[in-house]
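Undergrad: mind folding the following:
(chains A and B)
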Amino acid sequence: MQKIITRFAPSPTGYIHIGNVRSAIYPYLAARQTNGHFILRIEDTDQARYVEGATDLIIDTLKWLGLEWDEGPEVGGDNAPYFQTERREIYLEWAKKLIEKGRAYADPTDSETIQKYRDEDNAKKVPYLYRNHRPETFPEWEEGMPIRFKADPKPREWHDEVMGDLKAGPEVQDDIVLIKKDGLPTYNFAHIVDDFLMHVNMVARGVEYLSSTPNYLALYEAFGIDQPLLVSLPHILAPTGNKKLGKRDGAKSVTAYREDGVLPEAMLNYLACLGWNDGTEQEIYTKEELIEKFSLDRIQNSGARYDEVKLLWMNGQWIRKIVDEQGIDALYPRTEGFWPESAKNYEDEYKKRVLAIIYDRLKTLSDLREMTSYFFEDPKFDIEQLLTNKFVKKFSESELTALLVESISKLESLKTWDEPSLKDALNELLASTGRKPAELFSLIRISVSFAPFSPALDLTLNVLGRETTLARLNKVKTALSLDQQ
RNA sequence: GGUCUCUUAGUAUAACGGUUAGUACAACGGGUUUUCAUCCCGUCAACGCGGGUUCGACUCCCGCAGAGAUCACCA
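TA: Reported below is the predicted structural model:
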C-alpha cells in the first residue's frame, strides 16, 4: 500500500473542539495504517485571528488523544519550519515563479475599486468574478502589493476519496489572491506550496473546501505538480438544528472532556466512529484497531450529529474495559483529581477498594466526586430521607429500631469483617427477621450512606469497615429511639 | 441568486437488485437478593416525495422537495 504522508494543519485561532478534530483523527489513522507520515503544521497566516497560546492548546489536544506527529512543532523534521509565518519567503518565491510563467500577476487595484466591481456585478445580477476585471497590464511586483493567480477557467473533474467523482465548471474558477498585501500567503496558496514541499500525498479537510477545489486543481496544474488524494470530511452537526457544530453552539474544547473525566480512548473511539464504520457491528475500538481497520471510502458522506449521551455511554464502556482487561490498578492512576475533597488523606489502597466496587457504575471519572463521598466522610444525617424511602416507610419507627438493633447485634458478633462473612450475615438477618431484601437492605444501606444509591450492600459494608458501619447504624438507632420518646 | 454536496427510526449507522430492512445509543417494560449502574431479555421506532428501468429497487436513472456548503487580501 502507498505510504500516506498527510498533515493536520490548524489555524491557531482557539481551541480544538469536537467539530474540527476529525480532520486530525482520520489523516492520523490513514498515515499510521500505511506506515506513512503525520505532520502537524500551524497555519498562522491570518494575523488578525491569531490567538496567543492557541498552538499550545492544539498540541495539548493532539497529545491527549494520542495522535503523535512525526514532523512539526516540538519534534522538528526535514521540512521545517512548520509555522507558516516562518516560511513567508518560500511562498513569495513560489508566487514569483508563477509570475514568470505568466500565471500570476501583481495586482495594483485598491480595495475600494474591487468593492465597486463587486457591487456593479451584483447590481447587474451577474456572478462576481475578479478575472472579469483583471487589469490589462500588470506592474512589477513590489512590497505591499497582492499577487493574484491568473485563472485558467475550464471544466474540471476530480476524485474525492469520500465524495466520489466530482466536477465543476469554469464559473467557480477565479483569480484568487496568492499573496496578501501584508506579504503573507492566503490559505489557498500556502497549503498548496507546503503540501508539495512536505511531500504530502493526502489532504483531508472539511467539505467547505469542496467548492474551492477547482482553484486548487488549477494551481497544481500551473505548477505542474501531482495533486494529492483529496478527502472531504462532512461536518459534525450541533445537537440541535442543522448547522455544523462550532464554538457558537457551545462546542466544548476536546480537552474540556478530560476535566470531565472522559478517557481519551473513549473520545477517540467515539469521534472516529461518528461518521465512519468498518461495516461490522463492532462499536468499541482501540486506537490500534482503528488504525488497522480504518478506510477512507467508508467515511460517511453526510454530516453526523454530535451526541454526548453516546459519548458518555462509550466512556462507561471504556472504564469497564480497562478494569476487565487490565485490572483496577490500570484504572486507578487515571482517577487522580476526580475524588471528593475528603478523600485526600486516604491511602491509595483504600481508594482502590472503593474504586473496585464503584467503577462499573461510572459514566465519567468525575462521577467519583458525587458517588463516593460517604466512603471518606460521614454523610449528611437526614432522617427524613430514610423515613420516606419507599420500602422503609412501610415500617413504624419502633419496628425500624428493632430491625436496627438486631442488625447491629448480628454485625457486631462477626469474627471476621470480610465480604463472605458479611454476605452470610445479611442473609441470616433476612431469615431471622423475615423481611424482604428490599426492606432490610434499604434500611441499612441508607443508614450507612444517605446516598441515593450505592454498590451492593455486602461490598459497601466491607469497604466502610466494622467501626464506621456500626457507628453509623447506631447513630440512626439513637435518633429513632429519641423520636419515640 | 449561481455553483456544488447531502437525504435509512429521535440519534449514529448496516444493506453494495431478492432480508420479516440488521446493530448501537436514547425511550419504555422485564429479569439478576435493596437502590443507582453493570449485565441479560423484550417493546417502540426508519428507507424524504414522485416518476421511470427491472420479474423484482433502500440499492440504478430522471425530476421534485428539504437540508448543508461556497461565492473574502478567513481558513
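Undergrad: going forward, measure contacts between C-alpha atoms and count neighbours the same way
TA: Will do.
Undergrad: who's A:Trp276 bridged to?
TA: Note on A:Trp276: beta-bridge partners by DSSP bridges are A:Ile299.
Undergrad: residue ranges of the strands in chain A, please?
TA: Per DSSP state E, chain A carries strands over the ranges A:5-8, A:37-40, A:104-106, A:147-149, A:156-160, A:164-168, A:177-179, A:202-206, A:229-233, A:236-237, A:304-305.
Undergrad: tell me the strands beside the last one, with direction?
TA: Applying DSSP bridges to the sheet, strand A:304-305 is found paired with strand A:236-237 (parallel).
Undergrad: circling back to that earlier point, so can I have a markdown table of the strands of chain A showing mean pLDDT?
TA: A markdown table is the format used below for these (pLDDT from 0 to 100):
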| stretch | mean pLDDT |
| --- | --- |
| strand A:5-8 | 98 |
| strand A:37-40 | 98 |
| strand A:104-106 | 97 |
| strand A:147-149 | 97 |
| strand A:156-160 | 92 |
| strand A:164-168 | 90 |
| strand A:177-179 | 97 |
| strand A:202-206 | 96 |
| strand A:229-233 | 95 |
| strand A:236-237 | 93 |
| strand A:304-305 | 94 |
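Undergrad: and A:Arg118, which of these is closest to it?
TA: strand A:177-179 (15.4 Å; Cα to Cα).
Undergrad: and the closest one, what does it pack onto?
TA: Strand A:177-179 sits against helix A:88-100, strand A:147-149, helix A:187-197, with contacts defined as 3 or more Cα pairs under 8 Å, 6 or more residues apart in numbering; DSSP states H and E.
Undergrad: A:Ser373 is nearest to which of those?
TA: Of the helices and strands packed on strand A:177-179, the one closest to A:Ser373 (Cα to Cα) turns out to be helix A:187-197, at 52.0 Å.
Undergrad: so is the closest one next to RNA strand B?
TA: Yes. Using Cα under 7 Å from any atom of the strand, helix A:187-197 reaches RNA strand B at A:Tyr187, A:Asn188.
Undergrad: list the helices and strands that helix packs on?
TA: helix A:88-100, strand A:177-179, helix A:213-223.
Undergrad: can you check which of these gets nearest to RNA strand B?
TA: Among those, the nearest to RNA strand B by Cα to the nearest atom of the strand is strand A:177-179 (5.2 Å).
Undergrad: could I get the pLDDT score of the residue nearest the centre of chain A?
TA: Centroid check for chain A by Cα atoms, centre = their mean gives A:Val254 as the closest residue, at 3.9 Å. A:Val254 is assigned 94 on the pLDDT scale.
Undergrad: what's the closest non-adjacent residue to A:Met441?
TA: One thing to correct before we go on: residue A:441 is Phe, not Met. Nearest residue to A:Phe441 in three dimensions, chain neighbours excluded: A:Leu457, at 7.1 Å (Cα to Cα, 6 or more residues apart in numbering).
Undergrad: just to revisit the earlier point, in TSV: the helices and strands packed on strand A:177-179, plus mean neighbour count.
TA: Listed next are the helices and strands packed on strand A:177-179 as TSV, based on neighbours: other Cα atoms under 10 Å:
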stretch	mean neighbour count
helix A:88-100	17
strand A:147-149	26
helix A:187-197	19
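Undergrad: can you redo those as TSV, where the extra columns are distance to A:Gln227?
TA: Formatted as TSV, the helices and strands packed on strand A:177-179 follow (distance: least, Cα to Cα, whole Å):
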stretch	distance to A:Gln227
helix A:88-100	17
strand A:147-149	18
helix A:187-197	9
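Undergrad: out of these, nearest to A:Glu281?
TA: Short answer: helix A:187-197, nearest of the helices and strands packed on strand A:177-179 by Cα to Cα, at 36.3 Å.
Undergrad: ok now the closest one, how far from the chain's centre?
TA: 27 Å (Cα atoms, centre = their mean, to the nearest Å).
Undergrad: residue contacts, A:Pro81?
TA: Residues in contact with A:Pro81 (Cα atoms under 8 Å, 6 or more residues apart in numbering) are A:Gly72, A:Arg87.
Undergrad: would you mind measuring from it to A:Ser211?
TA: According to Cα to Cα, to the nearest Å, A:Pro81 and A:Ser211 sit 29 Å apart.
Undergrad: and A:Ile16, by the same measure?
TA: 24 Å.
Undergrad: equivalent analysis for A:Phe441, please.
TA: Distance, A:Phe441 to A:Ser211, using Cα to Cα: 65 Å.
Undergrad: the more surrounded of those two?
TA: Between A:Phe441 and A:Ser211, counting by other Cα atoms under 10 Å, A:Phe441 is the more crowded of the two (20 against 12).
Undergrad: that one contacts A:Pro455, correct?
TA: No. Look at A:Phe441 against A:Pro455 with Cα atoms under 8 Å: they stay out of range, at 11.6 Å.
Undergrad: which strand residues bridge A:Phe149?
TA: Counting by DSSP bridges, A:Phe149 is bridged to A:Ala104.
Undergrad: so who does it touch?
TA: Here A:Phe149 is in contact with A:Leu98, A:Arg103, A:Ala104, A:Tyr105, A:Asp174, A:Asp175, A:Ile176, A:Val177, A:Leu178 (Cα under 8 Å, 6+ apart).
Undergrad: contact partners for the second one?
TA: By Cα under 8 Å, 6+ apart, the contact set of A:Arg103 is A:Phe149, A:Lys150, A:Ala151, A:Ala222.
Undergrad: before we move on, what about the third one?
TA: A:Ala104 makes contacts with A:Ala95, A:Lys96, A:Leu98, A:Ile147, A:Arg148, A:Phe149, A:Lys150, as judged by Cα under 8 Å, 6+ apart.
Undergrad: give me the distance between the closest residue to the third one other than its chain neighbours and A:Tyr350.
TA: With sequence-adjacent residues excluded and distances taken as Cα to Cα, 6+ apart, A:Leu98 is closest to A:Ala104, at 5.2 Å. When Cα to Cα is applied, the distance between A:Ala104 and A:Tyr350 equals 71 Å.
Undergrad: having no further points to raise, I will conclude here.
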